[in-house]
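Enquirer: Predicted structure and sequence below. I'll ask about it afterward.
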Number of protein chains: 4
Amino acid sequence: MSQYRVLIDANDEKGLVHKISSVFFQNDLNILSNNEFVDKENNKFFMRSVVDGDIVLDKLYQSLCDVLPQNANVDVIAPKNKNIIIMATKEMHALGDILIRHEAGELEANILAVISNYSDLESLVSKFNIPFICISHEGLNREEHENKILKCLTEFEEIDYIVLAKYMRILTPKFVEVYENRIINIHHSFLPAFIGANPYKQAYERGVKIIGATSHFVNNNLDEGPIIAQEVIHVDHAYGWRDMQRSGKDVEKVVLSRALKLALEDRIFVYENKTVIFQG
Amino acid sequence: MSQYRVLIDANDEKGLVHKISSVFFQNDLNILSNNEFVDKENNKFFMRSVVDGDIVLDKLYQSLCDVLPQNANVDVIAPKNKNIIIMATKEMHALGDILIRHEAGELEANILAVISNYSDLESLVSKFNIPFICISHEGLNREEHENKILKCLTEFEEIDYIVLAKYMRILTPKFVEVYENRIINIHHSFLPAFIGANPYKQAYERGVKIIGATSHFVNNNLDEGPIIAQEVIHVDHAYGWRDMQRSGKDVEKVVLSRALKLALEDRIFVYENKTVIFQG
Amino acid sequence: MSQYRVLIDANDEKGLVHKISSVFFQNDLNILSNNEFVDKENNKFFMRSVVDGDIVLDKLYQSLCDVLPQNANVDVIAPKNKNIIIMATKEMHALGDILIRHEAGELEANILAVISNYSDLESLVSKFNIPFICISHEGLNREEHENKILKCLTEFEEIDYIVLAKYMRILTPKFVEVYENRIINIHHSFLPAFIGANPYKQAYERGVKIIGATSHFVNNNLDEGPIIAQEVIHVDHAYGWRDMQRSGKDVEKVVLSRALKLALEDRIFVYENKTVIFQG
Amino acid sequence: MSQYRVLIDANDEKGLVHKISSVFFQNDLNILSNNEFVDKENNKFFMRSVVDGDIVLDKLYQSLCDVLPQNANVDVIAPKNKNIIIMATKEMHALGDILIRHEAGELEANILAVISNYSDLESLVSKFNIPFICISHEGLNREEHENKILKCLTEFEEIDYIVLAKYMRILTPKFVEVYENRIINIHHSFLPAFIGANPYKQAYERGVKIIGATSHFVNNNLDEGPIIAQEVIHVDHAYGWRDMQRSGKDVEKVVLSRALKLALEDRIFVYENKTVIFQG
């Protein structure tokens, strides 16, 4: 008996659920969970099913393709740990939260390595027997630095996701396109408010009463990729920007870990610079 | 073209989605939205679909019954305003919120009347051209009072829901069983904490840091019916119990109106003293 | 025995609390509550005290001025209902919430009138025996329209606050400066995100997972005045922009009423385009 | 120049703020922050000030005692790392969160040791060079087991707080009274709902729509000590109790760490089985 996650998106038309559920039924598969969504504005159908039964992945995939329209995207996934690389700079909270979850067995992930442009985090990472790779940017221009990272990354096979756990440098389009929709960032503001540098200082200066954090896939416009998860906390006049920064860390780490978990469990569709996420 | 809400629950078995979606497909119905849930612990299947197409309600109902197992409950509903009675005592906030929403056209409901055991709310209700019926409990025992209310209710045809908008008297089993799973109450605590009288005072004395409100269907155990919606707010040591009461009103009215809306839109299944609610 | 709210702000220096509390002590006043805040970045001191005792307002005011530095702002207020004007356009929820609270006696306010550029809300407002004044903008340029409103406003004495309960027109600097820091607006986004027109549509298009509302004093930059209160709700991919708009209404009305209450209770200092708010 | 935290509680009477601020003023102390609260129901005054200046701790303490009534409790504290012992059983999330915060320098604490009745957590704790002490309860009755722990604790000097980071055994009155108001527990429910064993299962069976966690000081009634912090998350019908347990962990760790931080920063007064907490 195997368990599969089936992800399908297609232009919406009558009968899609019927066709898909027929395949499941004819192959004697049990539906463990089923989520659907139709974006009426764009006439787009999304479905994520978890099924189990006696069938091999390729056959299930082919059966689905046979009945679905040509424009459909079909993905049949056998759950297993995904390979991730974490990139960070100096802060410990977001990285630490992932390391503890990983240690506790909460994540469907193998952490292949942590890459940083500083060495500060080496002590923390090495406690967990995870390779720490320091690739300093000193003396290098942005392209040279990224080339060193890209080269390093090619030494790992099959990287599913790159997690930017407070990696404080902007990635170039060249880097981003290699890992399209596979780089997960945490931005320390409630996007689209306070794009760019030091959002807590911007928030403090604007006098907001709520601050937040946003996890998103990285695309080529700074902090404008598809949003995966957001969370906020209330603040008041007594918060200086450093207080916001301190309190914000708790939100940042929770939001990034939540987004990572959604990705690892194949719950996210990316579409029109947005995400469709099935949590149930 | 008609639009229907289809609600089905049944013992779970392979092929249910297939059978249901086949009926939709064969009748040339368009699925506007579809939600499913399988309670694996109890092996129970729930589904709510919104479909539109050229078919009459009875035929769709029959087609579904024909393919589904005998244990299945099938409900096919043509959306229309439901008839509700509101019962209240003296407080204005929960009732007022419903009246304003009704006035704004937000609710799929006709308010047949507001019934109270006091006359305080008459002035408010009569502004909205809704019948206000005062049935005082003075000089009556509980049974006599309820009999007067029950008699009054029989004068209205087809009451879909009775909304207890801070009606501060306990209903007897006799009353409750007449309107099983159709009486929606708001309790001013985060149930199951602080059942019974003056929950804000109880909350104050316990020194909690969060207070809440719970909307639930009424059954024969005080404050123990199936929960529909809950919400909370943060408080601190500076809140006396009257401050909690004052702040709590905002949560109470929001939660009750939310629960009412879910009921009016046929989004709630009641099952094993719990609710399955499809919000999407 | 009289009760006063004392609001003081001044450049911070040693001994301010000592000087102020000495005045209270020497005049045999009882401190019912006391809140202080020092903005260290700007070296600014804020204090709000509620005191009661046998003293007249003018004498208390003078005693405080006598001991405080010249740069101090002193305000001694005897709590009483403040006079407010509500401006709205067509939507009922924010206005309705204030009307119900007013009817329930929750607000320290007299509603002098509701002014609208349409007549849609007349039916609602007149239920509550509050004057409804329709000042249509049709056929008028912005200045002419505002002049008619300003003229109308001069007929009321002592307007403490103007509440924009979803008044969908932009006010000119000329209007704003007449009522500096006395116009309270509700903007239907989590500012500074989505300034300007149709923020729900902007939010939908950006694919955010949280939407919000912001109440602020109006200044001459659109949606950039001092923020008083903000609140958010979670949304997901299933929310079209009209769903966001519908759900957002519940946040809008709660936030606006909260901000109004803070203003009526003299809890807000405005300073450097921000607010210092003492809630306790 | 020294910085002190001054905590005072006393029966309320006119002039307390005046007397205290006079001491600060006469000793040329600068007030960095000041929080007051009067519990009118119990006529009790609370104040927490942070001051700096040229004075030794003992002299400041004496000066305050000289002017305050005999019933006053005065505490003058020079901020420094407090000594804490963490007790845990098998779960990693709450302990791990504290370890990472400690590693990041976020906590004003020295972690003297982690004590557990199992050895599971040794691997995690030893990564951080913190002593791990396994005191198994196997073959021992409750008293014998606690005596071994108590004996172990006496080997540490000056334990300020004992943090129960999901320590899954009940402490006896004898143990609790040794560390009165110094044992901080995390209970995995929104107290007072779901006291005792497996609160997530209780919550699941009740069908609640919100679950939570509560951090409190331990007293001799199970889960009934003074509450320090609470937080909640929304759930729905799709959450089995193990899903609640999984999601609840994120709340548990955040709430426990928040409570610990408040304790370490001397922000908590315990009074009448409640807490007065000054966060500002």
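Expert: All right, it came through fine.

Enquirer: okay, now whatever residue of the stretch 101-250 of chain A ends up closest to chain C: neighbour count?
Expert: Nearest residue of the stretch 101-250 of chain A to chain C: A:Gly207, at 3.2 Å (Cβ to the nearest Cβ). Bear in mind the C-beta positions are built from the backbone N, C-alpha and C, glycine included. Here the number of neighbours of A:Gly207 (other Cβ atoms under 10 Å in any protein chain shown) works out to 21.

Enquirer: A:Tyr61 now?
Expert: There are 17 residues near A:Tyr61, going by other Cβ under 10 Å.

Enquirer: in the sheet, who's paired with the residue in the stretch 1-150 of chain A that chain C sits nearest to?
Expert: Going by Cβ to the nearest Cβ, chain C is nearest to A:Phe37 of the stretch 1-150 of chain A, at 6.0 Å. Residues in a beta bridge with A:Phe37, per DSSP bridges, are A:Phe46.

Enquirer: quick one, what contacts it?
Expert: By Cβ atoms under 8 Å, 6 or more residues apart in numbering or on different chains, the residues touching A:Phe37 are A:Phe45, A:Phe46, A:Met47, A:Val276, A:Phe278, B:Gly280, C:His237, C:Ala238.

Enquirer: how near is it to A:Asp266?
Expert: 15 Å (Cβ to Cβ, to the nearest Å).

Enquirer: ok, now A:Leu191?
Expert: For A:Leu191, the distance to A:Asp266 - Cβ to Cβ - is 24 Å.

Enquirer: The lengthiest helix in chain A near chain C anywhere?
Expert: Criterion DSSP state H: the longest helix present in chain A is helix A:241-264. No. Using Cβ under 8 Å from any Cβ of the partner chain, helix A:241-264 stays clear of chain C, coming no nearer than 9.0 Å.

Enquirer: what comes up buried for that helix?
Expert: Residues A:241, A:243-245, A:247-264 are the ones in helix A:241-264 that count as buried (16 or more other Cβ atoms under 10 Å in any protein chain shown).

Enquirer: Equivalent analysis for stretch A:215-235, please.
Expert: Counting neighbours by 16+ other Cβ under 10 Å, stretch A:215-235 gives A:215-219, A:223-232, A:235 as buried.

Enquirer: Give me the three-state assignment for A:Tyr204.
Expert: Judged by DSSP: H, G, I helix; E, B strand; the rest coil, the three-state class of A:Tyr204 is helix.

Enquirer: What is the neighbour count of it?
Expert: Neighbours of A:Tyr204 (other Cβ under 10 Å): 21.

Enquirer: For it, give me its contacts.
Expert: A:Tyr239, A:Gly240, A:Trp241, A:Met244.

Enquirer: where in the stretch 101-250 of chain A is pLDDT low?
Expert: Within the stretch 101-250 of chain A, no range satisfies pLDDT under 70.

Enquirer: Next to chain C, which bits of it? Give me the list.
Expert: A:190-194, A:206-210, A:212, A:226-232, A:236-238, A:240.

Enquirer: Surely A:Met92 touches D:Asp97?
Expert: No. Under the criterion of Cβ atoms under 8 Å, A:Met92 makes no contact with D:Asp97, lying 11.8 Å away.

Enquirer: quick revisit: for the residue of the stretch 101-250 of chain A closest to chain C, which non-adjacent residue is closest in space?
Expert: Excluding the flanking residues, the one nearest A:Gly207 by Cβ to Cβ, 6 or more residues apart in numbering or on different chains is C:Lys274, at 3.2 Å.

Enquirer: count of neighbours near that neighbour?
Expert: Neighbour count of C:Lys274, defined by other Cβ under 10 Å: 18.

Enquirer: Who does it form a beta bridge with?
Expert: Going by DSSP bridges, C:Lys274 forms beta bridges with C:Tyr271.

Enquirer: related to what we said a few turns ago, what about A:Leu191 and A:Asp266, which has more around it?
Expert: Using other Cβ under 10 Å, the more surrounded residue of A:Leu191 and A:Asp266 is A:Leu191, with 25 against 18.

Enquirer: contacting residues around the closest residue to A:Glu252 other than its chain neighbours?
Expert: Spatial nearest neighbour of A:Glu252, excluding adjacent residues (Cβ to Cβ, 6+ apart): A:Ala213 at 4.4 Å. The contact partners of A:Ala213, by Cβ under 8 Å, 6+ apart, come to A:186-190, A:230-232, A:248, A:251-252, A:254-256.

Enquirer: element containing A:Ala213, please.
Expert: If you go by DSSP states H and E, A:Ala213 is part of strand A:210-217.

Enquirer: Past that strand, which element shows up next along the chain?
Expert: strand A:227-234.

Enquirer: now the angle between strand A:210-217 and that following strand, please.
Expert: 170 degrees (axes from the mean of the first three to the mean of the last three Cα atoms, to 10 degrees).

Enquirer: quick one: is strand A:227-234 near chain D?
Expert: No. Strand A:227-234 lies apart from chain D when judged by Cβ under 8 Å from any Cβ; the minimum separation is 10.3 Å.

Enquirer: Enumerate every residue touching the closest residue to A:Glu108 other than its chain neighbours.
Expert: With Cβ to Cβ, 6+ apart as the criterion, A:Glu108 has its nearest non-adjacent residue at 4.4 Å, and that residue is A:Leu264. Counting by Cβ under 8 Å, 6+ apart, A:Leu264 touches A:Lys82, A:Ile84, A:Leu107, A:Glu108, A:Ala109, A:Tyr161.
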